[in-house]
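1. Any chance you can model this:
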Amino acid sequence: MAEAPASVNWDEAALGYNAYSMLKTGKDEFGKPFPVSLRSFDDYKPALYSYFSVVPIAIFGLGEISTRFTSILAGTLLVFAVLYIAAKLSGNFRLGLMSGLFVAFSPWAMHFSRIAFESNLAAAIYFLAIAAFLKSPKLSLMLFILSMYAYHSQRAIALPTFVLLLWINKVRYRFKWNWIFLGLIPLAYSFLIEPAGSRLSSTILLKLWPFVPAGYPWTVFSPLYAMSWQIVGQYLAYFSPINLFVKGSNEPILRIPTLGLLTIELMPLWILGISGIFKKSKLNNYLRVILILAPLPAVITWNWFSVVRTLAIYPAMAIIAALGYKFLNKFWKLVFWGAFTLSGLYTLLTIGIYAPYETYGEFQPGFEQLVPYVLHKSNKYDEVDVDTGQATPYIFFLFYGKYPPGKYLSEARRDLKHTENYGYRFGKFVFRKIDDYELYRKDVLLVGQTYRLKDSEINHIKKEREINVKDFYDPGGYISVRVVEL
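-> Numbers count the residues shown, from 1 in each chain. Below you'll find the predicted structure:
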């Protein structure tokens, strides 16, 4: 898990370090005790993933595996939840086993379970809540509420799912409203009082208003008409066989090279299964609830196809494919299992070997080697200047340097971190733009990319005095970052 993907991205590093900070100080990186949302890069991540990561980090120490452990566990639990739901509702254990197997070997499940994704944790809790509903609506409601603290999307579908499950099962549930309100108060406070609600305002579909191409009058293109078709198109995109089985996502970090979200041999089974989704059965009733609600968090945003916001729909698609299996005769069943075995092997090799190489640039490689080296060399210097060309480099120095959270909280100029002011720093580390002329300074350690720390300038300085230069290379053989001792 530490090698594929090759390194943590900045969001993973933030989730891991905030968990480390809460373990050591009870506060996040901004000094807030017991946060509901992590301010992080002003994107206000739900904090539940970091809370769940406190224990593995306490056991294994801060690192890639301990940070991703929660997602690994969530992916595993999701497989068993799907198995239980499909088997229990259909009365067919073989169907449940097949559904769980299809989820386990799905490219999306493998990919998201190997990276610290809050959405993966949220999807697992969501399906555990559905599974719990079959035994205890009270426990189910608690899990649905918990899922709302895991990822933004769940806040739109968790409680509606619970209500619809009550309705289709004709269950009379006496709500204890005081407990529900108590469970939602921290979430409401974070959303309404803190800037956590800014996440919705920055991604909402209405940012595309008036939906009319430039130069066209509104009398020709009605904004409401255009918006309606935008919503319908985005909703139906999550039922497109091309998106599900061929293309998948094209967003950085979310994309899986050469693979769709589900393996291609499941497409015929999915088509057979989806054709019977309106037949009366208890399992179909549950699947319809998921299929109706799961795309909604993405439909209200401007992204045409957002996998990370709709992760709850893909386990349902795997169950539907398992339902289609019964339509195959003996010969085609043998053909299918042969194709499934080869496809599973191909998926494992792609995600474990090819994808880390193909997508290495999306995970900011090199910091895991760079930071220990810089920390070692920094003992000789009063100041270490890190160029901000790299995406949010400060978090990698905290994460890979295992920087003491208490010390960081006392040193950091957190008021400067996300403003236009240059010079955000903690300890001797300064994060800002490095100019060319700074190579002529003395007694300072500079860290940056080659377009800042140029070979021509370095070679000129070397003619006058001795300086040490250390380059770090990415998997493609290119220099990812350079360290210059002046």
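
2. Output the below-cut-off pLDDT ranges for the protein.
-> Applying pLDDT under 70 to the chain picks out residues 1-4, 6, 193-221, 389-391, 413-423.

3. any idea how it splits into domains?
-> 10-361, 364-485 (automatic domain parsing).

4. What is the three-state secondary structure of residue 365?
-> coil (DSSP: H, G, I helix; E, B strand; the rest coil).

5. State the number of residues packed around it.
-> 23 (other Cβ atoms under 10 Å). C-beta here means a position set from N, CA and C on the backbone, and glycine is covered the same way.

6. and if you look at residue 443?
-> 10.

7. Just to check, it is in contact with residue 428?
-> No: using Cβ atoms under 8 Å, residue 443 is not in contact with residue 428; the gap is 11.8 Å.

8. So for these two, which residues contact both of them?
-> 381-382 (Cβ atoms under 8 Å, 6 or more residues apart in numbering).

9. Mind giving me the packing neighbours of the strand or helix carrying residue 298?
-> Per DSSP states H and E: residue 298 is located in helix 296-299. The helices and strands touching helix 296-299, judged by 3 or more Cβ pairs under 8 Å, 6 or more residues apart in numbering; DSSP states H and E, are helix 154-168, helix 223-237.

10. which of those sits most buried?
-> Mean neighbour count, computed with mean count of other Cβ atoms under 10 Å, is highest for helix 154-168 among the helices and strands packed on helix 296-299, reaching a mean of 19.

11. From the chain's centroid, how far away is that one?
-> 23 Å (Cα atoms, centre = their mean, to the nearest Å).

12. can you list contacts of that helix?
-> Residues from elsewhere that reach helix 154-168 (Cβ under 8 Å, 6+ apart): 122, 125-126, 129-130, 133, 137, 140-141, 144-145, 147-148, 171, 173, 187, 191, 285-286, 289-290, 293-294, 296-297, 300, 312.

13. In helices, which of these fall?
-> 122, 125-126, 129-130, 133, 137, 140-141, 144-145, 147-148, 187, 191, 285-286, 289-290, 293, 296-297 (DSSP state H).

14. Filter the residues you listed down to the buried ones and hand me the PyMOL line.
-> To isolate the buried subset of the ones in helices among the contacts of helix 154-168 in PyMOL, counting by 16 or more other Cβ atoms under 10 Å, use the following:
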select buried, resi 122+125+126+129+130+133+137+140+141+144+145+147+148+187+191+286+289+290+293+296+297
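
15. any idea how far residue 287 is from residue 165?
-> 12 Å (Cβ to Cβ, to the nearest Å).

16. Reformat the helices and strands packed on helix 296-299 as TSV; add distance to residue 459.
-> Listed next are the helices and strands packed on helix 296-299 as TSV, based on distance: least, Cβ to Cβ, whole Å:
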stretch	distance to residue 459
helix 154-168	55
helix 223-237	53
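
17. for residue 37, phi and psi?
-> In terms of degrees, to the nearest 10, the main-chain angles of residue 37 are phi -130, psi 150.

18. Mind listing the residues bridging to it?
-> Counting by DSSP bridges, residue 37 forms beta bridges with residue 46.

19. Can you report how many residues lie near it?
-> Residue 37: 25 neighbours (other Cβ under 10 Å).

20. With residue 306 instead?
-> Neighbours around residue 306, by other Cβ under 10 Å: 23.

21. Over to the one 3 residues further on?
-> Neighbourhood size, residue 309 [other Cβ under 10 Å]: 25.

22. go on, residue 72?
-> Neighbours of residue 72 using other Cβ under 10 Å come to 17.

23. contacting residues around the closest residue to it other than its chain neighbours?
-> Distance criterion Cβ to Cβ, 6 or more residues apart in numbering; nearest residue to residue 72, sequence neighbours excluded, is residue 113 at 5.6 Å. Listed by Cβ under 8 Å, 6+ apart, the contact partners of residue 113 are 71-72, 74-76, 120.

24. how far away is the residue nearest the centre of the chain from residue 76?
-> With distances taken as Cα atoms, centre = their mean, the residue of the chain nearest its centroid is residue 117 (3.2 Å). Counting by Cβ to Cβ, the gap from residue 117 to residue 76 is 14 Å.

25. Also residue 8?
-> Residue 8 is 20 Å from residue 76, by Cβ to Cβ.

26. what about these two, which has more around it?
-> Ranked by neighbour count (other Cβ under 10 Å), residue 8 and residue 76 place residue 8 first, with 28 against 14.

27. you'd agree the more buried one is up against residue 16?
-> Yes: taking Cβ under 8 Å as the definition, residue 8 is a contact partner of residue 16 at 6.9 Å.

28. tell me how far the ends of stretch 463-482 are from each other?
-> 19 Å (Cα to Cα, to the nearest Å).

29. ok so, going back, between residue 8 and residue 16, which contacts overlap?
-> Common neighbours of residue 8 and residue 16 (criterion: Cβ under 8 Å, 6+ apart): 67, 116, 399.

30. Out of the contacts of residue 113, which comes closest to residue 363?
-> residue 71 (14.4 Å; Cβ to Cβ).

31. Do I have it right that the closest one meets residue 121?
-> Yes: using Cβ under 8 Å, residue 71 is in contact with residue 121, at 6.5 Å.

32. between those two, what contacts are shared?
-> Listed as contacting both residue 71 and residue 121 by Cβ under 8 Å, 6+ apart are residue 49.

33. can you point me to the longest helix in this structure?
-> helix 64-90.

34. Go through that one and flag the buried ones.
-> 64, 66-75, 77-90.

35. what do you get for stretch 304-323?
-> Under 16+ other Cβ under 10 Å, the buried positions of stretch 304-323 are 305-323.

36. if you look at these, which of them are in strands?
-> Counting by DSSP state E, no part of the buried residues of stretch 304-323 is found in strands.

37. can you tell me which of those residues are in helices?
-> Those of the buried residues of stretch 304-323 lying in helices (DSSP H): 313-323.

38. can I get those in a markdown table with distance to residue 481?
-> Listed next are those as a markdown table, based on distance: Cβ to Cβ, whole Å:
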| residue | distance to residue 481 |
| --- | --- |
| 313 | 39 |
| 314 | 36 |
| 315 | 39 |
| 316 | 43 |
| 317 | 41 |
| 318 | 41 |
| 319 | 45 |
| 320 | 46 |
| 321 | 44 |
| 322 | 47 |
| 323 | 50 |
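
39. Now residue 106: closest residue in space, sequence neighbours ignored.
-> residue 262 (5.3 Å).

40. For the one you found, what are phi and psi?
-> Residue torsions, per degrees, to the nearest 10, at residue 262 are phi -120, psi 150.
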